[in-house]
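Student: no sequence for this one, just the structure:
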């Protein structure tokens, strides 16, 4: 009972969907904070949370996931540079490009953006880059700008040599070298504490940003929080502005009326100048809704049924409540595959999905997750087959339909995409 109340509090404050990271991970975070506070039971800790904003902040610090690295997924930054060189710089609508990176995490993403802007030819005076995160600890590390080898996975030696300096005497406890972001790059980023779901978040910046990076955050939100977050992003972004999301979040902008940018694996979307109209269906022309309420939005672990519009107050499960706070709950194979995908270990995640499917050939959820991972690996043909199999098992699966529409648009099959969008619209009005 108390565990569920704490999970509901986290859902209210930061939009956290417990299923997105596993209730076992949340239980371990609660257990660690209880030990730090000297509370012997969850009731005492729950009472502490009611009167101590500082402890609530510490608990939030314990559950946020700062997994990130420089130039993560590569293609978003390739497309960003191409866009700036070919479209922004020749005809800039204003003197200064405005960019938002949320979550900032420990700084790798916003610094990657700053480096990309510089390589595209923008001077420090030609752009402003705000980086927001809810975690004070993450922001402290981000402002320091010092990183170990794990932050540079997949980057070339030239990148490290050009934009970082070895930290003198900066050997870690494991005797691994550390590198500091050069001062020009560090000075280009404004790190700001903030919560995307706060009702007062950046109210003074309506239609302000030209580009927003919001990657691998929405997958941790429950449905209602996803809706709120997309509404905030829509408010902050200028018409025609670009939004970058993670590969597991690619259905969300489409559902919100954003237009796909055709650059493979960039997962970039453009806010339309006007709300898009839906595809023509036999009953006539439909007006696209900003965020279809009955569309099962894609999460890191795709649902087999529509998600509720807000996190429900579920009755407690006696068997789970009887466990101590630090009890370990083993991840299911699909949860483990999703966790690997979130960490960028896409090949391992794909292998795990395929092994699972061999023994569970009727799992719609497995085919959906495999399709997402295959998209991230840059294998759209295989991804399309996986989503088709999901549709064979569940013909009205809107998550699969949305992804198939995206894939067909990406390869120029506009007629095929229109047919699928018509199916989506028929499903929405039935």
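Tutor: On my side now, so go ahead. All of these numbers come straight from a predicted model, not from anything done at the bench.
Student: Now do the spatially closest residue to residue 371 that is not a sequence neighbour against residue 186, distance only.
Tutor: Using C-beta to C-beta, 6 or more residues apart in numbering and skipping residues adjacent in sequence, the residue nearest residue 371 is residue 386, 3.6 Å away. In this view, the C-beta of every residue, glycine as well, is placed from N, C-alpha and C. Plainly put, residue 386 is 42 Å away from residue 186 if you go by C-beta to C-beta, to the nearest Å.
Student: ok, back up a step: Provide the secondary structure category for the residue nearest to residue 371.
Tutor: helix (DSSP: H, G, I helix; E, B strand; the rest coil).
Student: who's in contact with it?
Tutor: By C-beta atoms under 8 Å, 6 or more residues apart in numbering, the contact list for residue 386 reads 367-368, 370-371, 374.
Student: Output the residues you listed in TSV, with pLDDT appended to each entry.
Tutor: Rendered in TSV, the data for the contacts of residue 386 read as follows (pLDDT from 0 to 100):
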residue	pLDDT
367	92
368	90
370	92
371	90
374	88
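Student: Tell me the one among the residues you listed nearest to residue 82.
Tutor: residue 374 (24.1 Å; C-beta to C-beta).
Student: Name the helix or strand for the closest one, please.
Tutor: Taking DSSP states H and E as the definition, residue 374 sits inside helix 364-376.
Student: ok, residue 197 - contacts?
Tutor: Shown in contact with residue 197 (C-beta under 8 Å, 6+ apart): 13-15, 225, 228-229, 232.
Student: which of those are buried?
Tutor: 13-15, 225, 228-229, 232 (16 or more other C-beta atoms under 10 Å).
Student: okay, now residue 396: neighbour count?
Tutor: Neighbours of residue 396 under the rule other C-beta atoms under 10 Å: 13.
Student: go on, residue 85?
Tutor: Neighbour tally, residue 85, other C-beta under 10 Å: 14.
Student: Can you tell me which of the contacts of residue 197 lies closest to residue 380?
Tutor: Looking across the contacts of residue 197 and measuring by C-beta to C-beta, the closest to residue 380 is residue 229, at 26.6 Å.
Student: Skipping adjacent residues, who's closest to the closest one in space?
Tutor: residue 196 (5.5 Å).
Student: now do residue 78
Tutor: Spatial nearest neighbour of residue 78, chain neighbours left out: residue 266 (7.2 Å); criterion: C-beta to C-beta, 6+ apart.
Student: okay but that neighbour is in contact with residue 82, surely?
Tutor: No. Assessed by C-beta atoms under 8 Å, residue 266 is found out of contact with residue 82, at 9.4 Å.
Student: Phi and psi next, for the residue nearest the centre of the chain.
Tutor: With distances taken as C-alpha atoms, centre = their mean, residue 216 lies nearest the centre of the chain, 2.0 Å away. Taking degrees, to the nearest 10, you get phi 60, psi 40 for the backbone angles of residue 216.
Student: so it makes contact with residue 250?
Tutor: No. Using C-beta under 8 Å, residue 216 is not in contact with residue 250; the gap is 11.6 Å.
Student: returning to that earlier point: between residue 266 and residue 82, which is the more surrounded one?
Tutor: Taking neighbours as other C-beta under 10 Å, residue 266 and residue 82 compare with residue 266 leading, 24 against 13.
Student: Any figure for the gap between the more buried one and residue 85?
Tutor: Distance of residue 266 to residue 85, computed by C-beta to C-beta: 15 Å.
Student: likewise residue 402?
Tutor: 31 Å.
Student: Spatially nearest residue to residue 254, not counting backbone neighbours?
Tutor: Closest to residue 254 by C-beta to C-beta, 6+ apart is residue 402, at 5.6 Å.
Student: give me the element the one you found is part of.
Tutor: helix 398-410.
Student: Show me what stretch 147-166 is in contact with.
Tutor: Identification of contacts with stretch 147-166 by C-beta under 8 Å, 6+ apart yields 68-71, 74, 106-108, 111, 115, 172, 176-182, 185, 344.
Student: the strands in the stretch 301-430 of the chain, which residues?
Tutor: In the stretch 301-430 of the chain, no strands are defined using DSSP state E, counting those that start in this stretch.
Student: what do you get for the stretch 101-250 of the chain?
Tutor: Along the stretch 101-250 of the chain, counting by DSSP E, counting those that start in this stretch, strands occupy 127-133, 146-147, 164-166, 179-181, 189-193, 209-213, 237-244.
Student: Would you format those strands as a markdown table with distance to residue 362 and mean neighbour count included?
Tutor: Output for these, formatted as a markdown table (distance: least, C-beta to C-beta, whole Å; neighbours: other C-beta atoms under 10 Å):
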| stretch | distance to residue 362 | mean neighbour count |
| --- | --- | --- |
| strand 127-133 | 41 | 22 |
| strand 146-147 | 44 | 20 |
| strand 164-166 | 49 | 16 |
| strand 179-181 | 49 | 21 |
| strand 189-193 | 46 | 17 |
| strand 209-213 | 38 | 24 |
| strand 237-244 | 35 | 20 |
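Student: Out of those strands, which gets nearest to residue 37?
Tutor: Using C-beta to C-beta, the strands of the stretch 101-250 of the chain put strand 189-193 closest to residue 37, at 23.0 Å.
Student: ok, that closest one: who's next to it in the sheet?
Tutor: With DSSP bridges as the criterion, the sheet partners recorded for strand 189-193 are strand 127-133 (parallel).
Student: Any chance of TSV for the contacts of residue 386, columns distance to residue 154 and neighbour count?
Tutor: Converted to TSV, those look like this (distance: C-beta to C-beta, whole Å; neighbours: other C-beta atoms under 10 Å):
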residue	distance to residue 154	neighbour count
367	28	27
368	26	28
370	22	29
371	23	28
374	19	23
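Student: Surely residue 247 touches residue 266?
Tutor: No. Using C-beta under 8 Å, residue 247 makes no contact with residue 266, being 9.9 Å away.
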